[in-house]
Structures are given as C-alpha cells and as structure tokens.
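> Return a 3D structure for these sequence lines:
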Amino acid sequence: MDIQNKTKEELIIELQELKQENSDLKALIENRSVELITANKEHILQNEDISVPSLLRQKAQELLKNKPSKHDSRLSDVENLKLIHELQVHQIELELQNEELCRIRALAEVERDKYTRLYDLAPSGYFTLSRNGEIIELNLAGALMLGKDRSHLINNHFHFFISKDTRDVFKRFLEKSFK
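Sure thing, here's the model as predicted:
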C-alpha cells in the first residue's frame, strides 16, 4: 500500500512497529556489546585487525538481510526526514551507550587489575578449587607453598599435596563446601 493512501492510524502502527524493531536492535546491540566486553581480552588482542564496532556492524547487517521488510520503500520527503531524524537520534543514543560501556569497561579492568594484584601478592596461599579438587587458580604464595611453578599446578588435583591419611577428610570438606 502506498504511504499516501494510508490512514493516520496505519502510519502510527507502522511507526510503532519501526520503534519496536529499533528497540529490539538496540537491545541486541547492547547484549552483543556486553558479550564482547566480557570476552577473553587475550583473544581480542590476538585478532587486532577485527574491531568491536566492525563486528557489531557486521552482525547488524546480517540480521537486517535475514529480516523481511514490512515497509513500503516509497516514502514521502516528510517521512524520509522523520526517519532520518529518528536514525540520527538513535545513532547518538548508541554512541552515548558505547561511551558509557567503554567507561565501565575501563573501570572493570582497573578493578580486575587491583584484585589480581591483591590476590597474587597476598602473603598467604590462596587456591580456587573445582568441585572435584582440581586447582583452577592459585596465587604466587600458594605456588611457593607447594614448591612448584604456578603454571604446572593449574588443572592438577590438590589431593596430590595432601597426606593420604587426610584425603578423606579433604574430600568430605569439598563435598560440604559445594553443597
């Protein structure tokens, strides 16, 4: 149906549909941004030629290709100007959200670095164990206590460092801890 032949109600419904699509895309972009921010930093550094904005744009273009268009492409100049204005406002909103995400990411990295320094440089040995007693993470003092390099201890069973007569006690402790 040509846009000049549409009623005001039909145009309002169409505008609401466009706003909903816009909102859905905005939510998708926000979710994808959070996923990318929390992705492994080393992986991102290894693939420096791929930037987060280009990945988001690529994903949005793929979604747009696969989404059937519900709207007539013959719009009046007024509708075109309204759509351009809406897109410009949406772009500014996304830029502001991106700035906020970058700020939050920087804060998270500072906090992570602070935690890492606190954990690694603590005078006591700290161990993070899995449910079955594998060493997931440990600090430098913990590695020193066990007399091995930290990289050789990760994914090894902690029970190797416990006397045989107390392994059952340790096993019960783990079971109780993970209940």
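
> Does E137 lie in a helix or a strand, and which?
Using DSSP states H and E, E137 sits within strand 135-138.

> mind exporting whatever helix or strand comes next after that strand as PDB, just the C-alpha atoms?
Per DSSP H and E, the first helix or strand lying C-terminal to strand 135-138 is helix 140-146. Output in PDB follows, covering the C-alpha atoms of helix 140-146 (Å, rounded to 0.1, in the frame of the first residue of the first chain):
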ATOM      1  CA  LEU A 140      52.100 -16.900  44.000                       C
ATOM      2  CA  ALA A 141      52.300 -17.700  47.700                       C
ATOM      3  CA  GLY A 142      50.200 -20.800  47.100                       C
ATOM      4  CA  ALA A 143      52.600 -22.000  44.400                       C
ATOM      5  CA  LEU A 144      55.600 -21.300  46.700                       C
ATOM      6  CA  MET A 145      53.900 -23.300  49.400                       C
ATOM      7  CA  LEU A 146      53.600 -26.300  47.100                       C
END
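
> Please name every helix or strand in contact with the helix or strand just after helix 140-146.
The helix or strand immediately downstream of helix 140-146 is helix 150-153, counting by DSSP H and E. Helix 150-153 sits against strand 135-138, helix 140-146, with contacts defined as 3 or more Cβ pairs under 8 Å, 6 or more residues apart in numbering; DSSP states H and E. Backbone N, C-alpha and C define where each C-beta goes, glycine included.

> Could you check how far the lengthiest helix in the chain is from the centre of its chain?
When the chain is parsed with DSSP state H, its longest helix is helix 77-120. Centre-to-centre, helix 77-120 and its host chain are 13 Å apart (Cα atoms, centre = their mean, to the nearest Å).

> packing partners for that helix?
helix 8-38.

> quick revisit: can you give the distance from the strand holding E137 to the centre of its chain?
23 Å.

> Each with direction, which strands does it pair with?
Partners of strand 135-138 in the sheet, by DSSP bridges, are strand 127-129 (antiparallel).
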